[in-house]
Structure formats: structure tokens, C-alpha cells
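1. here is a sequence with its predicted model. Questions after.
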Amino acid sequence: MIRLWQLLDSAFPAGSFTHSGGLEAAWQSGEVASDAQLQAYLRESLWHAGHSLLPLVSAAHREPRRFDELDGLCDAMLTNAIANRASRAQGRAVVAACARIWPSEALSALESTARRGCGHYAPALGALLAACRLTLDDAQRLFLFTGTRGVCAAAVRLGIVGPYRAQRLQHECLESIDDVIRRCGALSVDECAQTAPLVDLLQSTHDRLYSRLFQS
């Protein structure tokens, strides 16, 4: 449990706070210009993560030996170049951080495999949390929680909402996370689906923004 708290700490050097999950592009395009629109964006992003990437987290946690296969599948699914690049960067960063903080043969092997392949975040997180002996439920909740936390933190830095409102939105997401896990926690990788095409489309424009705070 201590490892889970450490992974959730904003000071953990996994690089997630350099990404906005597509929010920056959505904000600059005028699609997220109010509190209500931010709530809708958070909701759609959360359900999209549940349907598209949570099954990969779950599969890699249950069968870490399938990491190479699941990494390749994730790469094929992330056709949005911005999301694909961000997933690789976050996956490799979190695996490298864990391998250095909690040295073990399993994490060193996972880091080497991630470097040779794509190292996508969802399967990498599932495999490394299995190696850290955290439960599947913890892995699923951590994945969904950190995703919403990243969007809320980006909203503060972009000036869409203040820090208190962002924390309230994060709190309101907790019930939705339970709903997503009930609906998507047992999905197989064959059931992965894109449920928020507009979020994906907006994120794909990130590199064309005139000015940017985030990498994605």
C-alpha cells in the first residue's frame, strides 16, 4: 500500500504532469471554455480510458508475460500520433522510475523490454504494478485516477478553473471511476473501443497549436 501512495504522489517522477490529455488543444479550440464543458470533457476522457486502455492495463497485470504482445496492440490502437507519442513517453518514464526506486529483476527486465518495444503506458503500468505486487483493483483505480488528475491539474495551469474547483472536480470523478471499473474492469483486449472520437480528434491538433504549455 505504501508503494501505491508513492506512485500517486505528484512528486513521483513519471512525467505525467507534462501532458494535458488533449485538454490544451480542446481549450484553445474553444470546445472547453466553461466549467460545464470541462466536466463533460473529464467524463468523456474517463469513459474513453475505461473502454480503450483499461483492458490493456488489466490484461498486462493478469499476464505480465504478454507485455510485448499487448504493447504492440496498444501501438496499433493509438492511431492519433500525439496520443501515441505521449503514451510511449509516459510508459517508459514510469517504468524507468520504478526500476530505479525499487530495484528488482522483474522491473529491470520490464524496463529493457519497454525500451526495445514501444513501452506504451497502459500495458506498462499493468505489468509493473503486478511486479510491485499491487492488486488488479489498485492498478485499475490508479490508472483512472491519475488520468483525471492530470486533466484537472492541466485545467488549473491553463486558467480554466482554480485549484479548489479542480480538486472538487477530481473528488466528483471518484464515483465515476467506480462506475467505469464496474462497466469496463472485466473487459478483454478484444473489447477495446474508441468512445470519445472528438477528444481524440482535438488532441491530434496539439502540435499545430501556436503556443503550448504541454507535450500533449
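-> Yep, that arrived. From a predicted model like this one, the values you see are computed outputs, not experimental measurements.
2. now stretch 144-164: average pLDDT?
-> Across stretch 144-164, the average pLDDT comes to 93.
3. just stretch 24-33 next, same as before
-> 93.
4. can you give me the neighbour number for the spatially closest residue to residue 204 that is not a sequence neighbour?
-> With C-beta to C-beta, 6 or more residues apart in numbering as the criterion, residue 204 has its nearest non-adjacent residue at 4.7 Å, and that residue is residue 80. The way it works is simple: take the backbone N, C-alpha and C, and place the C-beta from them, glycine included. Using other C-beta atoms under 10 Å, residue 80 has 22 neighbouring residues.
5. from residue 42, how far off is residue 80?
-> 19 Å (C-beta to C-beta, to the nearest Å).
6. what's the answer for residue 148, then?
-> Applying C-beta to C-beta to residue 148 and residue 42 gives a distance of 6 Å.
7. same question, residue 104
-> With C-beta to C-beta as the criterion, residue 104 and residue 42 are 35 Å apart.
8. these two: who's more crowded?
-> More crowded of residue 104 and residue 42, by other C-beta under 10 Å: residue 42, with 23 against 12.
9. my guess is that one contacts residue 150. True?
-> No - under the criterion of C-beta atoms under 8 Å, residue 42 makes no contact with residue 150, lying 10.5 Å away.
10. okay, now residue 91: neighbour count?
-> By other C-beta under 10 Å, the burial measure for residue 91, its neighbour count, is 26.
11. residue contacts, it?
-> Contact analysis of residue 91 by C-beta atoms under 8 Å, 6 or more residues apart in numbering lists 114, 118, 119, 120, 121, 122, 123, 124, 125.
12. ok, now residue 175?
-> Residue 175 neighbours (C-beta under 8 Å, 6+ apart): none.
13. by mean pLDDT, point me to the weakest helix or strand of this protein.
-> helix 2-8 (a mean of 79; mean pLDDT, DSSP states H and E).
14. how far away from the center of its chain is the very next helix or strand once past that helix?
-> Using DSSP states H and E, the helix or strand that follows helix 2-8 towards the C-terminus is helix 23-28. Chain-centre distance of helix 23-28: 17 Å, with C-alpha atoms, centre = their mean, to the nearest Å.
15. the one residue sitting closest to the centre of the chain sits in which helix or strand?
-> Among the residues of the chain, the one closest to the centroid is residue 147, at 4.6 Å (C-alpha atoms, centre = their mean). Element membership of residue 147, judged by DSSP H and E, is helix 136-158.
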